[in-house]
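Participant: 3D, please:
(2 chains)
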Amino acid sequence: GDSVTQMEGPVTLSEEAFLTINCTYTATGYPSLFWYVQYPGEGLQLLLKATKADDKGSNKGFEATYRKETTSFHLEKGSVQVSDSAVYFCALRSRNQAGTALIFGKGTTLSVSS
Amino acid sequence: DSGVTQTPKHLITATGQRVTLRCSPRSGDLSVYWYQQSLDQGLQFLIHYYNGEERAKGNILERFSAQQFPDLHSELNLSSLELGDSALYFCASSVEKAGRYNEQFFGPGTRLTVL
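Facilitator: Numbers count the residues shown, from 1 in each chain, chains lettered A, B, ... in the order given. Prediction:
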């Protein structure tokens, strides 16, 4: 079945460091890909998305590019802030059916210190 | 604030008991999804309802059931609770229009602790 694998954390960085969180997927067809963020004590928020190959999703300085050839959707940010400390989830949804549920990776905890 | 509300925020109960978690979707959203977040299993899809009808099931135990009412709110019923059912339960809603990207908006979750 479809699955998502993301790098295990925690990831600990200093403010203004470069961030990469790796995500790869296995899916039939061409899924839509997402990054969600969960701040402490809150629900998940959509951070960015890409719905087809070579699409780049971006938001709040974060970027991820849908790479079909490597089945990857790595999250990057050039300069992290303390406020970026959160858990980040990579997810996919099959494009073949409307209303299909999201399949999530295990999540990567990011901790940024000043 | 996503517009999705969940009650209660916290629930502490004993093994063998039954609880009901409630979710109110965003205004206009017809779909409700339930997810379970636990330390060992991560975030897993449980069940999806669309406009009152069950659409899909994921890794939902037989002891668990859900329904969506005419006003579109949904309830997740967990019975014969076990220690391993302790988790954060999220619901998400989506407008679900065919042919369009349908973002899922997540509620703040209900934290269930089974003692």
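
Participant: and the helix or strand harbouring A:A91, C-alpha only, in CSV?
Facilitator: Take DSSP states H and E as the rule and A:A91 turns out to sit in strand A:86-93. This file holds the C-alpha atoms of strand A:86-93, laid out as CSV (Å, rounded to 0.1, in the frame of the first residue of the first chain):
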residue,chain,number,x,y,z
ALA,A,86,7.4,22.1,15.9
VAL,A,87,6.7,18.6,14.5
TYR,A,88,6.7,18.3,10.8
PHE,A,89,4.7,15.6,8.9
CYS,A,90,5.1,14.6,5.3
ALA,A,91,1.9,13.2,3.8
LEU,A,92,0.4,12.0,0.6
ARG,A,93,-3.1,11.5,-0.8
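
Participant: against which helices or strands is it packed?
Facilitator: strand A:3-6, strand A:23-26, strand A:32-38, strand A:103-104, strand A:108-113 (3 or more CB pairs under 8 Å, 6 or more residues apart in numbering or on different chains; DSSP states H and E). For the C-beta atoms, the positions are set from N, CA and C on the backbone; glycine is no exception.

Participant: now do the same contact list for the residue most central in space within chain B.
Facilitator: When CA atoms, centre = their mean is applied to chain B, the residue found nearest the centroid is B:W34 (3.0 Å). B:W34 is in contact with B:23, B:45-48, B:60, B:66, B:74, B:76, B:89-91, counting by CB atoms under 8 Å, 6 or more residues apart in numbering or on different chains.
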